[in-house]
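# got a structure for you, letters missing:
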């Protein structure tokens with residue numbers, strides 16, 4: 001893996017399938033948080049929350065977020081995350097939004113935006129996902145989205161703001 005200067009990554013974790021070794025999704029996410037130390041220093045971790053299934057997924061998800069201080073560039077970090085997903089039993093070509101043992105996504109990184117080789121940072125859908133934003137707020141509420149300029153707290157407030165019902 002290629003090395004660059006130290007960077008911070010906000011990584012989202014999710015699981016909604018039991019693992020043969022780690023057990024229920026909450027334990028899978030906890031074990032994955034430990035494994036992420038292989039990619040750098042995990043400087044902070046959120047609590048693990050339980051969220052409703054989305055799309056074709058049938059089971060509730062356990063979701064969390066971590067901050068990682070790493071020398072890896074974004075493509076090397078992605079390769080490392082995919083390696084950990086495979087170690088936890090994730091198969092390539094799985095159904096989008098389907099059940100999974102482990103899902104790891106780069107949400108933001110301290111270098112701003114990145115678009116190359118199938119990787120987009122910030123994550124293209126994080127602004128619409130409370131299951132990503134809720135844990136992320138525990139760690140980095142003031143981190144600004146390089147695309148909108150809004151903080152994570154502002155993005156979450158907009159997402160969860162009650163909408164007026166037209167009459």
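Arrived safely. These numbers come from a predicted model, not from an experiment.

# for the longest helix belonging to the chain, packing partners?
Longest helix in the chain by number of residues, with DSSP state H as the criterion: helix 74-87. Other elements packing on helix 74-87 under the criterion 3 or more Cβ pairs under 8 Å, 6 or more residues apart in numbering; DSSP states H and E are strand 3-15, helix 25-35, strand 61-72, strand 103-109, strand 114-116, strand 119-121. Glycine gets a C-beta too; all of them are placed from N, C-alpha and C.

# just the angle between the third one and helix 74-87, please?
By that I understand strand 61-72. 140 degrees (axes from the mean of the first three to the mean of the last three Cα atoms, to 10 degrees).

# where are the low-confidence patches of the protein?
Where the chain drops to pLDDT under 70, the residues are 1-5, 55-57, 92-99, 164-165, 167.

# residues in contact with residue 126?
For residue 126, the set of contacting residues under the criterion of Cβ atoms under 8 Å, 6 or more residues apart in numbering consists of 12, 105, 107-108, 132-133, 136.

# which one of the helices and strands packed on helix 74-87 lies closest to residue 42?
Each of these has some distance to residue 42 by Cβ to Cβ; the shortest is strand 61-72, at 5.2 Å.
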